[in-house]
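Q: Predicted model, plus sequence, below.
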Amino acid sequence: MMKRITFLFAFLFSITLVGQGLSNFSQTNFNHPKTAHNTNETSLDEEDVVFYVGEGEQTAYVVIDFRAEDGLASFAWGVDFDGDDLTVYDALVKIEEEDPNFTFEASGSSGSYFLDDIYYNNFAGEAGVPDWWSTWSGSSPEDLEMSGGINDPLQNQEWYGLSYGFSPEPMQPQFVYAAYNSDWFDFEEVETWFGEGENQTVITIDFVDDEEAEEVTFAWGLKFEEETISAKHALEFLADADENLTITFNDADELITVNYNGIEKTANATESWHSFIGTNLSDYALAEEGIFEILENDDMFGISFGGENVRRPFIPTVVENPDMGIVDVELETAVKIWPNPTVDKLHIETAAEIQNIFVFDMQGRKVLESRSKTFEVNKLPSGNYFLQIQSDNTMLTKQFTKQ
């Protein structure tokens with residue numbers, strides 16, 4: 001009991017410190033996404049919001065910040081409305097109705113709601129576990145002050161923020177990412193697939209350019225046989241398969257330059273390529289391992305070019321290349337590799353003219369290269385490897401085990 005009283009005293013004291021009083025604790029139709037703005041500036045605004053819910057001539061903005069340690073768990077929606085009788089609670093209801101990945105819980109009754117829990121993709125902020133939500137409002141995402149709660153009325157062009165945590169003190173929510181709708185893109189839209197196997201992933205490259213905002217994000221479908229594949233390996237395979245795609249790494253295996261159909265971005269002192277991983281557009285999160293992230297079946301991996309506030313990969317144009325994803329049937333049935341598993345040598349048996357043979361480890365690193373149908377693998381560590389066989393305009397991928 002004493003522990004609970006001590007915590008409550010500290011909690012109330014923290015509210016007094018910010019000069020807001022106890023009242024701040026007592027929180028009383030699918031729209032087509034707008035063109036994604038170039039979010040490379042040091043701050044974000046209404047032009048960066050792309051997911052709008054509700055209907056009406058007036059617009060309010062909602063920022064929800066789960067206050068994750070890396071600071072990358074904060075998202076913003078636009079809420080269209082008419083009239084002057086809607087509240088922040090009503091805005092949350094609209095978001096819940098139209099965003100399949102968002103839910104919230106509030107206790108109380110109309111006019112005196114108290115915000116308890118918010119769940120969004122893999123993030124959760126629950127009342128008392130271990131903290132509570134604070135509410136904010138202002139004329140811009142950089143000008144938010146603590147408000148009276150989710151019962152406050154919506155005002156046109158006003159920003160409303162929800163920030164999880166009072167300890168050691170309430171903190172203003174930050175606008176980090178525009179919320180996306182997972183329904184805007186799914187795997188069924190990919191008709192051309194590279195590779196073979198029962199597992200699949202979508203690789204997205206976003207060049208992030210204001211002038212061509214909707215024409216600089218592209219996606220490739222990739223199938224693979226092993227349970228996992230590294231993102232770097234996937235990128236290298238796609239670059240080999242699509243003659244319009246060029247990807248350059250430096251000696252430290254850092255992603256430097258990407259060029260697709262003449263659109264090119266190169267890392268520099270202020271901008272670079274950022275990696276994201278998720279299962280849909282909505283839950284893209286910054287990939288902790290970057291291009292060395294390990295991808296599993298039905299993962300989506302994307303890279304975006306920009307500065308500190310670069311947007312997550314946006315709605316892509318699916319690449320349609322008739323030469324990609326089609327493994328020549330004659331090559332497929334006429335290629336044998338043996339012995340598999342192997343100890344010292346690997347033999348490739350085929351009548352096709354082979355141009356190049358590459359061996360990649362499970363992290364996507366190229367470990368061997370040959371043009372001979374028989375080559376030594378005795379120096380490779382024991383484990384599983386990808387064998388990439390290139391012949392004319394076709395490419396075949398097989399796996400083998402080095403014992």
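A: Great, that's in hand.
Q: who does the nearest residue to residue 172 once chain neighbours are set aside bridge with?
A: Excluding its sequence neighbours, the residue lying closest to residue 172 (CB to CB, 6 or more residues apart in numbering) is residue 144, at 5.1 Å. In short, each C-beta sits where N, CA and C put it, glycine included. On the basis of DSSP bridges, residue 144 is bridged to residue 138.
Q: Residue 249 now?
A: Going by DSSP bridges, residue 249 forms beta bridges with residue 255.
Q: now the stretch 1-150 of the chain, which segments are flagged as low pLDDT?
A: 1-42 (pLDDT under 70).
Q: let's go with 50 and repeat that
A: Low-confidence segments of the stretch 1-150 of the chain (pLDDT under 50): 1-35, 38-40.
Q: ok so, going back, number of residues surrounding the residue nearest to residue 172?
A: 21 (other CB atoms under 10 Å).
Q: Could I get the contacting residues of residue 320?
A: Residues counted as contacts of residue 320 (CB atoms under 8 Å, 6 or more residues apart in numbering) are 191, 192.
Q: Could you report the pLDDT at it?
A: On the pLDDT scale, residue 320 is placed at 77.
Q: and it, how far is that from residue 219?
A: Going from residue 320 to residue 219 by CB to CB, to the nearest Å gives 11 Å.
Q: all helices of this protein, in order?
A: 2-17, 88-98, 231-241, 329-334 (DSSP state H).
Q: where in the stretch 301-403 of the chain is pLDDT low?
A: 324-333.
Q: I'd guessed residue 170 sits against residue 146; true?
A: Yes: contact status for residue 170 versus residue 146: in contact at 6.3 Å, counting by CB atoms under 8 Å.
Q: Tell me how far residue 403 lies from residue 373.
A: For residue 403, the distance to residue 373 (CB to CB) stands at 21 Å.
Q: of these two, who's got more company?
A: For residue 403 versus residue 373, neighbours defined as other CB under 10 Å are more numerous around residue 373 (14 against 11).
Q: right, and that one touches residue 355 too?
A: No: judged on CB under 8 Å, residue 373 makes no contact with residue 355 at a distance of 11.9 Å.
Q: Let me see the domain layout of the chain.
A: Listed domain ranges for the chain are 2-178, 185-318, 329-402 (source: automatic domain parsing).
Q: Spatially, what comes nearest to residue 282 if we skip its sequence neighbours?
A: For residue 282, the spatially nearest residue (CB to CB, 6+ apart) is residue 182, at 3.9 Å.
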